[in-house]
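Student: sequence and computational prediction follow.
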Amino acid sequence: MMTNSYTFRLLKEHDVAEVLQIERASFTLPWTEDAFKNEFSQNKFAVYIGLEDDGTLIGYCGVWIIVDEAHITNVAVLPEYRGRKLGEALMKKIMETAVEMGAKTMTLEVRVTNHIAQSLYRKLGFQDGAIRKNYYSDNQEDALVMWVNL
C-alpha cells in the first residue's frame, strides 16, 4: 500500500478555487470567492496554510495575526480525508506559524454543537471563553469562543 505524502505550504490568491472546493464541502455557510480573494489580496493580517496530499490541496487553515494575537478564521479538511488527524496537523502548523510571526495568544469561534472540533481544540490547549449569541446566521446557533496562550 502506498503511503500519502502530506505537505504544508503557504497559500496564495491563485489557490482560491481549490480553497473554495474545500470550503463548500465543509460548511453550511461557506465564504464566497470574493471573500477569499480579499483575504489573499487585501488583508495584510491574513495568513493561510494549505495541506496537500501528493500535490492536491485537501485542507487549509486561515489566521489573522494582529500585533500579538492570532484569530483563526477557518480550518477545513475535505470530507474524504477526515478522521486522519489532518485537522490537528493543520492547527499545530498554524499555531507554530503564528508563534513565529510574534503571536502570544490565539482565539477562534466554534459552533456550540461542534463537539468534535471543540475536543480537538481542547487537546491543543484551548480553553472555553465567552459565548457569542446567535453568531451563525444560517440557524442563529451560538458560538463558543476559545483561547490559548501560545
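Tutor: It's in.
Student: show me where pLDDT drops low in this structure?
Tutor: Residues of the chain that meet the criterion pLDDT under 70 lie in 1-4.
Student: what segments of the chain are helices?
Tutor: Ranges of helices in the chain, per DSSP state H, are 16-26, 33-41, 86-100, 115-123.
Student: could you pick out the longest strand of this protein?
Tutor: Of all segments of type strand in the chain, defined using DSSP state E, the longest is strand 56-66.
Student: list the buried ones in that strand?
Tutor: Under the neighbour-count criterion of 16 or more other Cβ atoms under 10 Å, strand 56-66 has 57, 58, 59, 60, 61, 62, 63, 64, 65 buried. Every residue, glycine included, has its C-beta placed from N, CA and C.
Student: of those, which is the nearest to residue 102?
Tutor: Lowest distance from residue 102 to the buried residues of strand 56-66 (Cβ to Cβ) belongs to residue 65, with 7.3 Å.
Student: before we move on, back to that, quick one: the longest strand of the chain to chain centroid distance?
Tutor: Distance of strand 56-66 from its chain centroid, counting by Cα atoms, centre = their mean, to the nearest Å, is 5 Å.
Student: quick one on the thing from earlier: turn the helices of the chain into JSON lines, columns for distance to residue 141.
Tutor: Shown next, in JSON lines, are those (distance: least, Cβ to Cβ, whole Å):
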{"stretch": "helix 16-26", "distance to residue 141": "16"}
{"stretch": "helix 33-41", "distance to residue 141": "20"}
{"stretch": "helix 86-100", "distance to residue 141": "20"}
{"stretch": "helix 115-123", "distance to residue 141": "13"}
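Student: out of these, which is closest to residue 78?
Tutor: Closest to residue 78 of the helices of the chain is helix 16-26 (Cβ to Cβ; 5.6 Å).
Student: okay, the angle between that closest one and strand 56-66?
Tutor: 90 degrees (axes from the mean of the first three to the mean of the last three Cα atoms, to 10 degrees).
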